[in-house]
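Sharing a model that was predicted from the sequence below.
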Amino acid sequence: MPTPITTSNATACSLTVYSDGFALVKDTRKVSEICEDDTIHFTEVARRIEADSIIIEGMDVSELEYSFDLLDQQSLLEKYVGREVKVYGSLDRDGRLYTLLRPGNPLVLQDVETSEIVLDPRGEIRFPENPEGLHAKPTLVWKVAEKRDSEVCVSYLTDGVKWEADYVISLHGDKFDLSAWLTMTNASGVAYKDANLRLISGTLSKAGNENQKTGNQELSTKGGGKQSDSFSDFHTYTFPTPITLENRQQKLLRLLSSAGSQAQTIYEVNNQSSNPDIYIEFDNTEENGLGFPLPEGTFKMYRTNPVDGSAEFIGEDRIKHTEANKKVRLKSGEACDIKVESKESGKYKEGGYEYTEYQYKIVNTKGEPIEALIRQQVPGRLWTVDESSHEWEKKQNNILLPVNVAVDQEETVKFTIRHDRSARRTIGF
């Protein structure tokens, strides 16, 4: 008889989840007395297991198979083709023997006593035993070569387990409160009871999907005992207490929270703008009440209405993984009370230089003074600003010009870009 090792023998479970929809499961269970060449049924493993990823620790195995031929009506009928079954009518206590010829639609049986063929007989069909190879749940079956420990740990990869980070930011003037939640989804076909949860970040290569990444996420937080550390070139995040994640379940876990952090609202303009883009920016630093890595996820933004104090939704944006001490930049939408007109007002050459003149007009009807930021992209590398009506900054291939615009006023910004066309270019081979 096979020796079952069920979840009632479980002593530990750990779940390491990657953001692109798969997980590493480590399932440890007690082992009763077994001998060499015994057959083990390790029951209730994930239905979406990657069978070639299985590692068994605690005993040597000479033969291993993953059995996913599950016990249901059709499978049971198919296993009994050519074998005898009993059919019991509503008033028949002893039943009648039939040989099963066809497993369904219609069900075809032959009366053992009379050799008559019967289609879809009425009554209860009873099978003398569960045929070999059928299991109520997905099961690992192996033969024991040598038992070494009193426990066995089975590790495997499975699809169907994923996590996502979601953020809610509530703005009150130039201050904000932040909360972040981890959404766990389990569609792997099995539950994980009291599992130690770990999320792991980094870029992993999987055969057949070489360009797939795990999202390059690193998780951390303040307080709560949660840990973030490094392991073999990847970052891990471990929850302080075990979780239970049922099959076909979504569960939200608190990642982090902060209150009273400082944010800045920026109205950004470019030469394609008719209205500025609205950005919410804040420093992810300890001085600003934050200072922990933020995994890739979606920010939902709310702002307090000064009229009645209610929170109004003002947009959402998605961030990539953001390290501590970096700036977070979220796009909220477009400012309807600020109008922008821009044009290339002139172009000429002089000596070895080419000059391009730009003009921006910004009109503020918002009811309060604003600072707009002009971000003008400039092609090429050999350029500088020859003249400007406002202070400017060169940042990579952009010129940045902050512009203060009073209430119900129009501000005109003019600047000239000078390109050096005389430089000698050498192409190496």
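Cool, the structure landed. Numbering: from 1, shown residues only.

residue ranges for the strands of the stretch 101-250 of the chain, please.
Listed in chain order, the strands of the stretch 101-250 of the chain (DSSP state E, counting those that start in this stretch) span 107-111, 117-119, 124-126, 139-147, 151-159, 161-172, 175-186, 192-200, 227-231, 234-238, 243-245, 249-262.

and of those strands, who's closest to residue 65?
strand 139-147 (5.0 Å; CB to CB). In this view, the C-beta of every residue, glycine as well, is placed from N, C-alpha and C.

which intervals of the stretch 301-429 of the chain have sub-threshold pLDDT?
Along the stretch 301-429 of the chain, the model assigns pLDDT under 70 to residues 423-429.

give the contact list for residue 310.
Going by CB atoms under 8 Å, 6 or more residues apart in numbering, residue 310 touches residue 304.

What's the separation between it and residue 348?
The gap separating residue 310 from residue 348 is 55 Å, by CB to CB, to the nearest Å.

what do you get for residue 39?
Look at residue 39 and residue 348: by CB to CB, they are 88 Å apart.

now swap in residue 253 and tell me
Relative to residue 348, and taking CB to CB, residue 253 is found at 62 Å.

And those two? Which one has more around it.
residue 253 (16 against 10; other CB atoms under 10 Å).

wait, isn't that one in contact with residue 179?
No - proximity of residue 253 to residue 179 does not meet the contact threshold set by CB atoms under 8 Å, at 12.0 Å.

Phi and psi next, for the residue at the greatest distance from the centre of the chain.
The outermost residue of the chain, judged against the average C-alpha position, is residue 114 (62.5 Å), by CA atoms, centre = their mean. Dihedral pair for residue 114: phi -110, psi -10, per degrees, to the nearest 10.

Tell me who's in contact with it.
Residue 114 neighbours (CB under 8 Å, 6+ apart): none.

Please parse this protein into its domains.
Taking automatic domain parsing as the criterion, the chain consists of the domains 3-70+135-159, 73-126, 338-420.

Centre of the chain to stretch 392-412, how far?
With CA atoms, centre = their mean, to the nearest Å as the basis, stretch 392-412 stands 38 Å off its chain's centre.

buried stuff in that stretch?
For stretch 392-412, burial by neighbour count (16 or more other CB atoms under 10 Å) applies to 392, 399, 401, 403, 405, 411.

what about the third one, which SS state?
Reducing the assignment at residue 401 to three states with DSSP: H, G, I helix; E, B strand; the rest coil gives strand.

Bridge partners for it, pull those for me.
For residue 401, the beta-bridge partners under DSSP bridges are residue 374.

my guess is it meets residue 415, correct?
Yes - in this structure residue 401 lies within contact range of residue 415 using CB under 8 Å: 6.9 Å.

list residues touching both of the two?
Counting by CB under 8 Å, 6+ apart, the residues touching both residue 401 and residue 415 are 376, 388, 390, 392.
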